[in-house]
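**Student:** I need the structure of the sequence given here:
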Amino acid sequence: MNVAEITVSIDEASVDQVPTLARQVMGRLRRDILEGALPPGSRLRIEGLRERYGVGASPLREALSQLVAEGLVLRVDQRGFRVASAEPETLRDLIETRCLVETAALRAAIARGDAAWEEHVLVAHHRLGRTSRSAEPERFVPHPEWEAHHRAFHLALLEGCGAQALLAYCAELHDRALRFRHLSNQVAWPLRDVAAEHRAICEATIARRADDAAALLEAHYRRTAEFLGMAMAGTRQDR
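**Tutor:** Numbers count the residues shown, from 1 in each chain. Next up, the predicted model:
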């Protein structure tokens, strides 16, 4: 069966099947947006997406509508869709939220976390530290393994707080920041010593120095915004 036949079959799928298909394609769309495969501001044409993902129009529209609700996709004149822009102002709002929410979660984790939590933080930091940040040595190329360890480390820092709903929200904020980090790394890599920043955060956390750990985490996030601003300024000058 070729792609066209598969697409027709999916279009004719029962209503009960569409939500499952929509969830699957939404996950693939979200990943491609966050990782930059679908660049900020690019048009999302249904026909092109059908060919890209091998699914029909109905689950695609449902998936896009869900991503509109998440702020990753914009509806254009009620007729089409576009990847949301990655402006510095949007990142600043995201970082303000992360600084408020995650520093509070980190303080709670330091106050409540046990020895098992400390061990989890140390293991997550060790795995992150032994993985290259870029997939290529001469230029920055996102490295999926590093990204996975990076996410695990930041969430491990907060897990000691014990509030599952808060941790889920922090995970969502981390994922939303991914595409901004990729843009900022156009300038930040290799100028920024991210490994040293992570090491300082880890050491302050394990030592239960809550004020230092919270300040280091906040500075870590704000540096991303600074480099993104530099990257965006360079893009405007090129244009």
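
**Student:** which residues does the closest residue in space to residue 202 that isn't next to it in sequence contact?
**Tutor:** Closest residue to residue 202 apart from its sequence neighbours, by C-beta to C-beta, 6 or more residues apart in numbering: residue 125 at 4.4 Å. No exception for glycine: its C-beta is placed from N, CA and C like everyone else's. Counting by C-beta atoms under 8 Å, 6 or more residues apart in numbering, residue 125 touches 153, 156, 198, 199, 202.

**Student:** quickly note the distance from residue 40 to residue 210.
**Tutor:** Distance, residue 40 to residue 210, using C-beta to C-beta, to the nearest Å: 36 Å.

**Student:** just to revisit the earlier point, and the contacts of residue 125, which two are furthest apart?
**Tutor:** Using C-beta to C-beta, the two most remote members of the contacts of residue 125 are 156 and 199, lying 14.3 Å apart.

**Student:** point out where the chain drops to low pLDDT.
**Tutor:** Along the chain, the parts satisfying pLDDT under 70 run over 1-19, 78, 232-239.

**Student:** can you give me the strands in it?
**Tutor:** Assigned by DSSP state E, the chain shows strands spanning 43-44, 73-76, 80-83.

**Student:** ranking those strands by burial, who's on top?
**Tutor:** Mean neighbours per residue, mean count of other C-beta atoms under 10 Å, is largest over these for strand 80-83, with a mean of 18.

**Student:** check the offset of that one from the chain's centre.
**Tutor:** 19 Å (C-alpha atoms, centre = their mean, to the nearest Å).

**Student:** what does that strand contact?
**Tutor:** 33, 38-46, 64, 68, 72-76.

**Student:** closest to the centroid, which residue in the protein?
**Tutor:** In the chain, the C-alpha nearest the mean C-alpha coordinate belongs to residue 175, at 2.4 Å (C-alpha atoms, centre = their mean).

**Student:** looking at it, it is touching residue 35, isn't it?
**Tutor:** No. Applying C-beta atoms under 8 Å, one finds residue 175 not in contact with residue 35, separated by 10.5 Å.

**Student:** give the burial count for residue 157, as a bare number.
**Tutor:** Neighbourhood size, residue 157 [other C-beta atoms under 10 Å]: 28.

**Student:** going forward, count from 590.
**Tutor:** All right, first residue 590 from here; so that's residue 746.

**Student:** next one: it from residue 634, what distance?
**Tutor:** From residue 746 to residue 634 the distance is 40 Å (C-beta to C-beta).

**Student:** now residue 681
**Tutor:** In terms of C-beta to C-beta, residue 681 sits 30 Å off from residue 634.

**Student:** next one: residue 807
**Tutor:** Distance from residue 807 to residue 634, by C-beta to C-beta: 40 Å.

**Student:** neighbour count: the two, which is higher?
**Tutor:** Between residue 807 and residue 634, counted using other C-beta under 10 Å, the more crowded position is residue 807 (18 against 13).

**Student:** which residue comes closest to residue 730 once chain neighbours are left out?
**Tutor:** residue 724 (4.2 Å).

**Student:** in this structure the one you found contacts residue 771, no?
**Tutor:** No. Using C-beta under 8 Å, residue 724 is not in contact with residue 771; the gap is 12.0 Å.

**Student:** list residues touching both of these two?
**Tutor:** Counting by C-beta under 8 Å, 6+ apart, the residues touching both residue 724 and residue 771 are residue 731.
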